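Engineer: Quick one: sequence and predicted model below, then my questions.
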Amino acid sequence: MPCRGYFKNSEKKSWDEIYGREGQFDKLTQHISKGRQLIAIKGVRRVGKSTFIWASLDRLERLGKEVGLEIKTHVVKCDGTQTIDELRSELYEILPFSEESTAMKLKEVTIGVENFIPSGTMTFTPDTRMAAVFRKMSESGIGTLYFIALDEVQDFEEREKLMKFFNYVHSSVQNLFIILSGSQVTTFQEFLDAAYNKLDSVHSKKYKGRIGGIHMTPFDMAQSVEFLTRGFRDNKALETDEQRKDIALQIYRHVGGIPAWLVEAGCDISEAYIEYGEINKLLLDEILHEIEREAMTKIESEIDTIAEMYGATIYDDIGRIMRGIPNYQISRKKLLEYTGLEDKRFERAMEILTDYGYIIEDETAKTVTIPDVIIWRFFHERS
Ligand SMILES: Nc1ncnc2c1ncn2[C@@H]1O[C@H](COP(=O)(O)OP(=O)(O)O)[C@@H](O)[C@H]1O
Ligand SMILES: [Mg+2]
């Protein structure tokens, strides 16, 4: 029997099926409130970007329903074979899209924080904020709000044409939000940054500061344990919550907090429990080592891709930085000293590492951490 609940292998498409991500949803509602029509979801491979897209769109649809605003959503998984024309005809199914068409043009409506965030001292939860914003939009004549997600957008081949579509959206379609995601969404964003810098000021002005970012991070220890404990319960695995928590902790110590690895470990262990009626240490170790190996292989191939893309020196720079970060935080300054890298090269490599989700920088404390044990071990323990 396949695993259920949190450990289910097929795509989770409803908000109720996923754990956590409240902070990311909050961020999403803020970007929408501020009228940022391009929103980039970033994070390390398998951390839950695609899952978040489906789940948050589901939650937005439901919130829309509550206030009587129609929300239409569409997710495209880019794979390098689509053309802009195909994309267009696909989108035509959900929205009356044509560059000449005025159907989408909303006369006087300007989406922006001034217009859509109700004033007052009230503090917003994501749901109350979104409901208030949706209500305002509806009052200003927006009948339908569209969300299009382009997942793995770095694989979309006709980038220039896609950018033209974005320009059209920025200048004429105000009730459409575009979510960009993928493990290399940053390379796509870099392309956009460079392209917009060359464009006339009207378009680049519209673009600048309009792209909102959402960072997906691995679960921390408490979250991982809670997630796994509930997952075991969903699958009727192990006897008591105490046992579940104990095994959960061991899983986290071994494979870290990237949801995909937790799901895999949780499901494998549940299946083994159901088959043997118990989980012994040997079996547990075997399952966890297998997953660890798989995760390491994935990182290895990703680092190769990075080196291919940014040149071989980045390989060394990244290695030096990663090895300089202990299994707790380090100050940015100390790290720079440790690596002995020239400022510019250090900054560049730090940028790439942040974008791939390999490090997290605390902007105020000026410290750096590695958010995941497997990533840490990959750089520190491999010869
Ligand atoms: N918040 C979450 N709650 C439950 N399961 C999750 C969550 N985030 C990710 N997962 C699971 O982790 C796996 C990887 O998620 P996915 O969205 O494909 O990652 P990404 O798109 O970042 O590569 C999937 O099996 C998914 O079901
Ligand atoms: Mg994905």
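Structural biologist: Good, I have the coordinates. Numbers count the residues shown, from 1 in each chain. Ligands and ions are numbered 1, 2, ... in the order given.
Engineer: Might you enumerate the residues of the stretch 201-350 of the chain proximal to ligand 1?
Structural biologist: Proximity of the stretch 201-350 of the chain to ligand 1, by C-beta under 6 Å from any ligand atom, involves residues Pro259, Ala260, Val263. Just so you know, the C-beta spots here come from the backbone N, C-alpha and C atoms, and that holds for glycine as well.
Engineer: Filter the residues you listed down to the ones in helices?
Structural biologist: Pro259, Ala260, Val263 (DSSP state H).
Engineer: how close does the residue lying closest to the first one once chain neighbours are set aside get to ligand 1?
Structural biologist: The spatially closest residue to Pro259, leaving aside those adjacent along the chain, is Gly48, at 4.8 Å (C-beta to C-beta, 6 or more residues apart in numbering). Spatial separation of Gly48 from ligand 1 under the definition C-beta to the nearest ligand atom, to the nearest Å is 3 Å.
Engineer: same deal with Ile330?
Structural biologist: 26 Å.
Engineer: Report how many residues lie close to that residue.
Structural biologist: 15 (other C-beta atoms under 10 Å).
Engineer: Give me the three-state assignment for the closest residue to it other than its chain neighbours.
Structural biologist: Counting by C-beta to C-beta, 6+ apart, Ile330 lies nearest to Val368, which is 5.7 Å off, once chain neighbours are set aside. Each residue gets one of three states, and Val368 gets strand by DSSP: H, G, I helix; E, B strand; the rest coil.
Engineer: There's contact between Val368 and Ala349 in this structure, I believe.
Structural biologist: No - counting by C-beta atoms under 8 Å, Val368 sits too far from Ala349 to count as a contact (11.7 Å).
Engineer: So between these two, which is more surrounded?
Structural biologist: More crowded of Val368 and Ala349, by other C-beta under 10 Å: Ala349, with 25 against 22.
Engineer: List of residues touching the helix or strand that the more buried one is a member of?
Structural biologist: Using DSSP states H and E, Ala349 maps to helix 343-355. Contact with helix 343-355 is made by 42, 186, 306, 310, 313-314, 317-318, 321-322, 336, 339, 341, 359-361, 368, as judged by C-beta atoms under 8 Å, 6 or more residues apart in numbering.
Engineer: Quick check on the residues you listed: which are buried?
Structural biologist: 42, 186, 306, 310, 314, 317-318, 321-322, 336, 339, 341, 359-361, 368 (16 or more other C-beta atoms under 10 Å).
Engineer: Let me know the average pLDDT across the helix ranked longest in the chain.
Structural biologist: Secondary structure of the chain per DSSP H: the longest helix is helix 281-310. Across helix 281-310, the average pLDDT comes to 92.
Engineer: circling back: can you give the distance of the helix holding Ala349 from its chain's centre?
Structural biologist: Helix 343-355 sits 20 Å away from the centroid of its parent chain (C-alpha atoms, centre = their mean, to the nearest Å).
Engineer: Show me the shaky parts of the stretch 51-200 of the chain.
Structural biologist: 95-122, 200 (pLDDT under 70).
Engineer: which bits of it sit near ligand 1?
Structural biologist: So far as C-beta under 6 Å from any ligand atom goes, the stretch 51-200 of the chain lies against ligand 1 at Thr51.
Engineer: Quick check: which element contains the residue of the stretch 51-200 of the chain found nearest ligand 1?
Structural biologist: Distance from ligand 1 to each residue of the stretch 51-200 of the chain (C-beta to the nearest ligand atom) is smallest for Thr51, at 3.3 Å. Assigned by DSSP H and E, Thr51 belongs to helix 49-67.
Engineer: helices or strands up against that helix?
Structural biologist: helix 22-33, strand 38-42, strand 70-77, helix 126-139, strand 144-151, strand 176-181 (3 or more C-beta pairs under 8 Å, 6 or more residues apart in numbering; DSSP states H and E).
Engineer: Looking at the buried ones among the contacts of helix 343-355, which are in helices?
Structural biologist: Short answer: these in helices (DSSP H) are Thr186, Ile306, Tyr310, Ile314, Asp317, Ile318, Ile321, Met322, Leu336, Thr339.
Engineer: Just the pLDDT at the nearest residue to the last one once chain neighbours are set aside, thanks.
Structural biologist: Leaving aside its chain neighbours, Thr339 sits nearest to Arg320 (4.4 Å; criterion: C-beta to C-beta, 6+ apart). The predicted local distance difference test score for Arg320 is 96.
Engineer: Tell me if I'm right that Arg320 and Leu341 touch.
Structural biologist: Yes - at 6.6 Å, Arg320 counts as touching Leu341 under the criterion of C-beta under 8 Å.
Engineer: domains in this structure, as residue ranges please.
Structural biologist: In terms of domains, the chain is parsed into 20-215, 221-296, 311-380 (source: automatic domain parsing).
Engineer: Make CSV out of these and add distance to Cys3.
Structural biologist: Rendered in CSV, the data for those read as follows (distance: least, C-beta to C-beta, whole Å):
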stretch, distance to Cys3
domain 20-215, 15
domain 221-296, 4
domain 311-380, 21
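Engineer: Among those, which comes closest to Tyr6?
Structural biologist: domain 221-296 (3.8 Å; C-beta to C-beta).
Engineer: If anything else comes up later, I'll come back, but that's it for now.
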